[in-house]
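Q: Sequence first, then the predicted structure:
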Amino acid sequence: MTASSVSSVDFVRFALEQGVLRFGSFKVKSGRLSPYFFNAGLFNDGASVGRLARFYAGALLDSGLRFDMLFGPAYKGIPLATATAVALAADPRTDGRAVPFAYNRKEAKDHGEGGTLVGAPLAGKVVIIDDVITAGTSVRESVDIIRAAGAEPAAVLIALDRMERAGPDDALSEHSAVQDVSRTYGIPVISIASLTDILALLQDAPAFAEHGQAVLEYRNRYGVRG
């Protein structure tokens, strides 16, 4: 599913303002040198996380997806699911509906309530919330947890779709990590913004114009369309 047409470029601008999106030369997890880097961990104060959550909530509501609750995979997904649930409750389109959320622990707790799950019981249609999708490991684990509880994974909601194929240069995958997740689990991936939105902003931002060609070349080499 495509990013929200209403807020996607605004979100890219917001990420730039917060230093979450940067341009230059960065070695990413795949070993490639990327002309841009997105680090959602730098949304690290109340004001920025509150605004980030409104973007997440807006993208989810704009999608028209039917859902019952949110799930945040440990660790990055935990504050994202929590903050997004707060933003959804404040959005007039939800009519005051309180959206439940849950998250998992990396290690089972052997006292108190025990187990690995915290929050509302997993039930109904569950939206998984994370920052980005790289290898899809977090999504796979989340899908397994949700299905094991008898609930239904409804979608994955992320901040940025890099629209990037995996693998070595001479054997690139046919699809991006986001496309692979959608095809594997049969659920949509909703992104607030994508590489297309980054390129759109670069065209209209003179201060960052020098990076536009490098990002475009990177997209032409590793990217997928759509």
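A: Structure received.
Q: lowest confidence element among the helices and strands of this structure?
A: strand 101-109 (a mean of 83; mean pLDDT, DSSP states H and E).
Q: Mind listing the strands the helix or strand just after it pairs with, and their directions?
A: Scanning forward in sequence from strand 101-109 by DSSP states H and E, the next helix or strand is strand 115-119. If you go by DSSP bridges, strand 115-119 pairs up with strand 101-109 (antiparallel).
Q: where exactly do the strands run in the chain?
A: With DSSP state E as the criterion, the chain has strands at 21-27, 33-38, 69-72, 101-109, 115-119, 125-129, 152-161, 189-194.
Q: thinking again about what came up before, how about the least confident helix or strand of the chain: buried residues?
A: Buried residues in strand 101-109, counted by 16 or more other CB atoms under 10 Å: 101, 102, 103, 104. The C-beta positions use only the backbone N, C-alpha and C, and glycine is treated the same way.
Q: Tell me the spatial nearest neighbour of residue 42, not counting adjacent residues.
A: Counting by CB to CB, 6 or more residues apart in numbering, residue 42 lies nearest to residue 20, which is 4.6 Å off, once chain neighbours are set aside.
Q: related to what we said a few turns ago, flag whichever of the strands of the chain has the least confidence on average.
A: When these are ranked by mean pLDDT, strand 101-109 comes last with a mean of 83.
Q: that older thread, list the contacts of the least confident helix or strand of the chain.
A: With CB atoms under 8 Å, 6 or more residues apart in numbering as the test, strand 101-109 has contacts from 69-75, 77-78, 81-82, 84-85, 114-122, 141-142, 145.
Q: roughly how far is it from the heart of the chain?
A: Remark: strand 101-109 is offset 19 Å from the chain centroid, using CA atoms, centre = their mean, to the nearest Å.
Q: Kindly check the end-to-end length of stretch 127-135 for me.
A: Length of stretch 127-135, first residue to last, CA to CA, to the nearest Å: 19 Å.
Q: quick one: contacts of that stretch?
A: Stretch 127-135 is contacted from outside by 29-30, 38, 40-41, 56, 60, 65, 67, 69-73, 76-77, 80-81, 84, 138-139, 142-143, 146, 153-162, 166, 177-178, 181, 189, using CB under 8 Å, 6+ apart.
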